[in-house]
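Okay, predicted coordinates and the sequence, questions at the end:
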Amino acid sequence: MKTVAEVVRWLEGFAPSRLAESWDNVGLLWGDPTAAVERVMTCLTVTAESAAEAVREGAGLIVSHHPILFRETKKIRADLPATAPLWALARAGVAVASPHTAFDSASDGINVGLCRRLGLVDVSPIRSESPRPAFKVVVFTPEADREAVLAGAFEVGAGGVGDYSECSFMIPGRGTFFGGESTDPAVGEKGRRETVEELRIEFVCPGDRLDSVLTAIRARHSYEEPAIDVYPVESPSGPLGAGRIGRLEEPRPLGEFARSASRALGGTMFQVAGDLDATVERVAVSCGAGDDFLGDASKLGAQVLFTGEARFHRVLEAKALGMGLIVAGHYATERPGVEDLADRIARAFPELTVWPSRDEVDPLAVVVG
């Protein structure tokens, strides 16, 4: 049976917390990491409705895009609207994790998914991030230590490859050693050369987890001096950074692009600023409240910024820059990613029941007089 920690560890591999904005609150935010989990629900936000659904459906974990406890909370009470859902989740033993802006910026995260829906190609980050170092760790261990060493390394973040976790490779062989007078070998005797059957085990490790992984290996290994090799490797992940910019394969008028984008997101009603007849080819994308990418997008040659929310003065700024601005709604730009995430978790953990919240709806309705 899987635990909350195992699912959260997979989330960390898919949307590393280092990609999150400095002001954000991501990771496991609520609950017991050691608790067993059989049912997982994804949602955009933990509300009274989505929390009630999770309790009713027996979820052990909610993966909510928006974090709970985002700001300082001094009281968590069942009779306060802001914290009543958390009280209900605590009583039912439901944990909550949030990937938020790490998911926005991941190499196959929400913004990349939006680009696919909008038909963009040659996609890259608006604000690029330098690749973080990664390593291949090789450790030589007797068969009896294999599971303990692997478990220790995996628990602190080693072994992630794309959507997969706990990945390793091992080869059997023979190792030799000669213990000096001050040694106390776990196998054989000091003062003579020993030959032992061992496994060569290797796995990848993010650079920011290397110290923790090496500490975990040494703690679980029976040898006084485990033989460990560390090799720097090229990161296989796609380009990292915040926001995305790409191009349409065929340039088209802003109004036509807005209409096609609306159809791609289920017929959502958009607000559009700019000349509807102006030609659009390069498109910048930022889900949610992404209007602060406007200046960066303009410098990269975008003719339009597609986002969820925009302040009035950003609209005026777009006009001054000669850019179009499409405001699609916070829910419309992020809910597809929540649904996609449920599919990803289900593929990574086929033994779990995973679904996107069925009771969650856009809190804003469109009324035309």
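Good, I have the coordinates.

Strands of the stretch 1-150 of the chain, start to end?
Assigned by DSSP state E, counting those that start in this stretch, the strands in the stretch 1-150 of the chain fall at 27-30, 39-43, 61-64, 95-98, 120-128, 134-141.

nearest to residue 210, of those strands?
Closest of the strands of the stretch 1-150 of the chain to residue 210 is strand 134-141, at 5.6 Å (criterion: Cβ to Cβ). Yep, even glycine has a C-beta here, placed from its N, CA and C like the rest.

Could you list the low-pLDDT ranges of the stretch 101-250 of the chain?
Residues of the stretch 101-250 of the chain meeting the criterion pLDDT under 70: 130-132, 162-163, 234-239.

Helices of that one, residue ranges please.
110-118, 146-155, 210-220 (DSSP state H, counting those that start in this stretch).

show me what contacts residue 251?
By Cβ atoms under 8 Å, 6 or more residues apart in numbering, the residues touching residue 251 are 279-281.

which one among those gets closest to residue 159?
residue 281 (41.6 Å).

Residue 307 versus the closest one, what's the distance?
If you measure residue 281 against residue 307 using Cβ to Cβ, to the nearest Å, the figure is 18 Å.

The two: which is more packed in?
residue 307 (28 against 16; other Cβ atoms under 10 Å).

Torsion angles phi and psi at that one?
phi -150, psi 180 (degrees, to the nearest 10).

was I right about it contacting residue 297?
No: contact criterion Cβ atoms under 8 Å: residue 307 and residue 297 do not qualify, at 9.5 Å.

rewinding a little: got the helices of the stretch 101-250 of the chain as CSV, with mean neighbour count columns?
Formatted as CSV, those follow (neighbours: other Cβ atoms under 10 Å):
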stretch, mean neighbour count
helix 110-118, 23
helix 146-155, 18
helix 210-220, 18
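
Out of those helices, flag the one nearest residue 364.
Minimum separation from residue 364 across the helices of the stretch 101-250 of the chain (Cβ to Cβ) falls at helix 110-118, 18.8 Å.

who touches the closest one?
Counting by Cβ under 8 Å, 6+ apart, 65, 103-106, 123, 238, 243-244, 246, 260-261, 264-265, 283, 285-287, 306, 333-334, 336-337, 340 sit against helix 110-118.

still on that earlier bit, mind giving me a markdown table with the helices of the stretch 101-250 of the chain and columns for distance to residue 292?
A markdown table is the format used below for the helices of the stretch 101-250 of the chain (distance: least, Cβ to Cβ, whole Å):
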| stretch | distance to residue 292 |
| --- | --- |
| helix 110-118 | 14 |
| helix 146-155 | 37 |
| helix 210-220 | 34 |
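
Tell me, domain by domain, which residues of this protein belong where.
Domains of the chain are assigned by automatic domain parsing as 4-99+333-356, 110-128+241-327, 134-233.

Span of the last one from start to end?
Terminal residues of domain 134-233 are spaced 6 Å apart (Cα to Cα, to the nearest Å).

chain center to it: distance?
How far domain 134-233 lies from its chain's middle: 28 Å, per Cα atoms, centre = their mean, to the nearest Å.

repeat for the first one
Domain 4-99+333-356 sits 12 Å away from the centroid of its parent chain (Cα atoms, centre = their mean).

mind checking the end-to-end distance for that domain?
Termini of domain 4-99+333-356 sit 17 Å apart (Cα to Cα).

pLDDT averaged over it - what is it?
In this model, domain 4-99+333-356 has a mean pLDDT of 94.

out of the contacts of residue 251, who's nearest residue 224?
The closest of the contacts of residue 251, once distances to residue 224 are taken by Cβ to Cβ, is residue 281, at 63.6 Å.

if I look at the closest one, how far off is residue 359?
Per Cβ to Cβ, residue 281 is found 40 Å from residue 359.

out of the helices of the stretch 101-250 of the chain, nearest to residue 355?
Going by Cβ to Cβ, the one of those nearest residue 355 is helix 110-118, 18.1 Å.

what angle do that closest one and strand 120-128 make?
Relative orientation of helix 110-118 versus strand 120-128 (axes from the mean of the first three to the mean of the last three Cα atoms, to 10 degrees): 160 degrees.

Just checking the distance from helix 110-118 to the centre of its chain.
Using Cα atoms, centre = their mean, the offset of helix 110-118 from its chain centre is 15 Å.

May I have that helix exported as PDB, CA atoms only?
Provided in PDB are the C-alpha atoms of helix 110-118 (Å, rounded to 0.1, in the frame of the first residue of the first chain):
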ATOM      1  CA  ILE A 110       0.300  23.800 -16.500                       C
ATOM      2  CA  ASN A 111       1.800  26.500 -18.800                       C
ATOM      3  CA  VAL A 112       3.200  23.900 -21.200                       C
ATOM      4  CA  GLY A 113      -0.100  22.100 -21.200                       C
ATOM      5  CA  LEU A 114      -1.900  25.400 -22.100                       C
ATOM      6  CA  CYS A 115       0.600  25.900 -24.900                       C
ATOM      7  CA  ARG A 116      -0.400  22.500 -26.400                       C
ATOM      8  CA  ARG A 117      -4.100  23.300 -26.100                       C
ATOM      9  CA  LEU A 118      -3.500  26.700 -27.900                       C
END
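
circling back to that earlier point, can you tell me which of the contacts of helix 110-118 are buried?
65, 103-106, 123, 243-244, 246, 261, 265, 283, 285-287, 306, 333-334, 336-337, 340 (16 or more other Cβ atoms under 10 Å).
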